[in-house]
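Colleague: With the input below, show me the fold.
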Amino acid sequence: MKFAVLVYPGSNCDIDCYKAVEDTVGEPVDYVWHTATDLSEYDCILVPGGFSYGDYLRCGAIARFASVTQALVKAAEQGKYILGICNGFQVLTEAGLLPGALLRNRSLKFRCHSTLLKVVNNATPFTSDYAEGEVINIPIAHGEGNYYCDEETLRELQQNNQIVFRYETDTNPNGSVDDIAGICSKEGNIVGMMPHPERAVDELLGSVDGKRMFTSILNAWREQHGTAVSR
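Modeller: Numbering: from 1, shown residues only. Sure, this is the predicted structure:
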């Protein structure tokens, strides 16, 4: 399996994502610069956190027009696995790959700390190594993580089981609707989330609960290709 980590001007979690892949699954991984036009050689594409293009206009608004984002849209149509983390989630919504938008935190303050998440949907390629309803410890670091969508879209997300993670009861750090911390596409091959699983892959970081996102992806790919390993 081959991973890509996209790098926009202003990305600052690309190294974290690269090292997380190396340390958790040991599969080939490349940095891919924002001018790239072809992602066909990759099986999973990570869109990392940071401040793409300085967050000018709004988070992800300029990155949405980068050459590599156009290639990302094609990869999504081909069913490739795509994980957008923090700013990556913002890019995915701006590109129309996931519904909704990310607004300023309700407190209008940048929040950076550990956060408890509930696994709502463990039937995605990114969450199959978790138990449904399991509470995990994944850090956040964002100023614009307040997920918003209209009532009709929220009903669709709920009915289609597209809400992947919620902040644990009474711990919502940003005011996001329905305590949403992460969602997936209808097909399940795209996940966007504000918390950072790549920063929770070693005990030195305070949690290893993010490791299973990467092992889930690898197992899903192996099952798809008939080379699954036991969990």
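
Colleague: need the contact list for Val119.
Modeller: Val119 sits next to 127, 130-136, 164-165 when contact means CB atoms under 8 Å, 6 or more residues apart in numbering. Yep, even glycine has a C-beta here, placed from its N, CA and C like the rest.

Colleague: Just the buried residues from those, in ChimeraX please.
Modeller: Selection of buried members from the contacts of Val119 for ChimeraX, criterion 16 or more other CB atoms under 10 Å:
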select :127,130,136,164,165
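
Colleague: residues of stretch 173-188 that come out buried?
Modeller: Buried positions in stretch 173-188, judged by neighbour count with 16+ other CB under 10 Å: 173-174, 176-177, 179-185, 188.

Colleague: can I assume Asn146 is in contact with Ala101?
Modeller: No - using CB atoms under 8 Å, Asn146 is not in contact with Ala101; the gap is 9.0 Å.

Colleague: who has more neighbours, the two?
Modeller: Asn146 (22 against 16; other CB atoms under 10 Å).

Colleague: export the buried residues of stretch 173-188 to a markdown table and tack on distance to Ile62?
Modeller: As requested, these are exported to a markdown table (distance: CB to CB, whole Å):
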| residue | distance to Ile62 |
| --- | --- |
| Pro173 | 26 |
| Asn174 | 22 |
| Ser176 | 23 |
| Val177 | 25 |
| Asp179 | 29 |
| Ile180 | 25 |
| Ala181 | 25 |
| Gly182 | 23 |
| Ile183 | 23 |
| Cys184 | 25 |
| Ser185 | 23 |
| Gly188 | 28 |
